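Trainee: from the sequence below, what's the structure:
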Amino acid sequence: MPITRRNVLLSLCTGALLFNTGRTLASPAARPRLLVIFLRGGYDSASVLVPVASPFYYEARPDIAIAKPSPAPESAVAIDDQWGLHPALRNTVYPLFLRGEAAFIPFAGTNDTSRSHFETQEAIELGLADDRVRNARSGFLNRLAATLTGTEPMAFTDNLPIILQGPVQVANASLRNPAKPSVDGRQSHLIESMYRGTGLEDKVVEGFALREQIAREMAAEMQAASGSAITAKGFELEARRMARLMGESHDIGFVDVGGWDTHVNQGAGTGYLASRLEELGRGLAAYAHEMDSAWRSTLVVVLSEFGRTFRQNGNRGTDHGHGTTFWVLGGSLRGGRVAGDQVRVSASTLFQNRDLPVLNEYRQLLAGLFARQFGLDRDRLAQVFPGVSPLDLNLL
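Mentor: You can find the predicted model right below:
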């Protein structure tokens, strides 16, 4: 790639270095922000939002059901008379729920019934009706960014995901290995010399200074995490880093978390899935804490491509399903409840006699949330999700 000013700027952006951090705003903390977290692999939503009032749930899952609420630490945490929360989230997401800063939307998802990870993930990220997918050129978060003025999207991923591909230029950088710089000191000085005496000189110098500061802080955090069993590794550490960058510069963020395809030995109150949920919960709580005052204007949506079979399989796990549960979090949320259309869980209400049904279509849900979070009218919502009527659950 030739060394031109444009390519240098693009390279710096993909390294999470942003020059326009001095964007003028009356109140940066009040700027609306959105973080979408994609749980790739189809997580088992019936283990997170547990239908504790359903006898069929316990019949269908003799080995992996989460126990009904009780003083036992491995039992579900009661959130109303129908639902309980996985005990791995007791000390992280549940306190947010009690403060009204978290809500759950069950029976959510897409109309795609392929049960294919790739096909369903792609369909969700594009956010289009089936007849439009073939000619799709953008993901729905890129289209959302296009409707906003001066927004700065960021993908906290190794590669730019479909959801953020499109005409709006988006930076992407994984925060999993931040200690290894993409541009070394010699290259930094070379780039700075290219812009010396130009109108971009101050911004380039400022950008490299910010980059070095973040690198030092991240390296210190990584060392502390290695030497202390209290600080969880993985998503929690990454969530703190995302919060710092979102609080500083970005309005729209995206990250994906893998490890949710639990066909074998899924576990119940403890085990493989419980460990993944504990890490996710710690990350979400850390993100909320790290955002500080900006948490009041932040919306977090946690979704997955589909749920899993309601009945356990022969390997004490679950297979690819249909309906799932969305998580919605934020400092100004009207949460503390299970929202959206619901049905009592029984054998007769399963989709195709195997999965939770989809009663809350994901594009309608997201359109309703985006309308509230960013003040979008119907014309701008139609640019994000063409042909979709927003579903307003009054969560914001």
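
Trainee: what strand or helix carries the residue in the chain sticking out farthest from the centre?
Mentor: For the chain, the residue at maximal distance from the C-alpha centroid (CA atoms, centre = their mean) is residue 197, at 41.7 Å. Residue 197 belongs to no helix or strand when assigned by DSSP states H and E.

Trainee: same check on residue 35?
Mentor: Using DSSP H and E, residue 35 maps to strand 33-39.

Trainee: what's that strand packed up against?
Mentor: helix 235-248, strand 252-257, strand 298-304, helix 362-374 (3 or more CB pairs under 8 Å, 6 or more residues apart in numbering; DSSP states H and E). C-beta here means a position set from N, CA and C on the backbone, and glycine is covered the same way.

Trainee: so how far is the helix or strand following that strand off the chain centroid?
Mentor: As assigned by DSSP H and E, the chain's next helix or strand after strand 33-39 is helix 45-48. Put simply, helix 45-48 sits 17 Å off its chain's centre (CA atoms, centre = their mean, to the nearest Å).

Trainee: in helix 45-48, what's buried?
Mentor: 45-48 (16 or more other CB atoms under 10 Å).

Trainee: let's have those residues in JSON lines, adding pLDDT.
Mentor: Output for these, formatted as JSON lines (pLDDT from 0 to 100):
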{"residue": "45", "pLDDT": "98"}
{"residue": "46", "pLDDT": "98"}
{"residue": "47", "pLDDT": "98"}
{"residue": "48", "pLDDT": "98"}
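
Trainee: residue 364: neighbour count?
Mentor: Residue 364 has 18 neighbours, counted by other CB atoms under 10 Å.

Trainee: next: residue 394.
Mentor: Neighbour tally, residue 394, other CB under 10 Å: 8.

Trainee: checking it next. Helix, strand or coil?
Mentor: Secondary structure for residue 394, judged by DSSP: H, G, I helix; E, B strand; the rest coil, is coil.

Trainee: wait, doesn't it sit right on residue 334?
Mentor: Yes - using CB atoms under 8 Å, residue 394 is in contact with residue 334, at 6.2 Å.

Trainee: show me the strands in the stretch 101-250 of the chain, by range?
Mentor: Applying DSSP state E, counting those that start in this stretch to the stretch 101-250 of the chain gives strands spanning 102-109, 153-155, 171-172.

Trainee: pLDDT of the first one, averaged?
Mentor: The average pLDDT for strand 102-109 rounds to 98.

Trainee: distance between it and the chain's centre?
Mentor: Strand 102-109 has its C-alpha centroid displaced from the chain centroid by 14 Å (CA atoms, centre = their mean).

Trainee: go on, the shortest one?
Mentor: Here strand 171-172 is found 16 Å from its chain centre; the criterion is CA atoms, centre = their mean.

Trainee: what's that strand packed up against?
Mentor: Packed against strand 171-172 by the contact rule (3+ CB pairs under 8 Å, 6+ apart) you find helix 5-14, strand 153-155.
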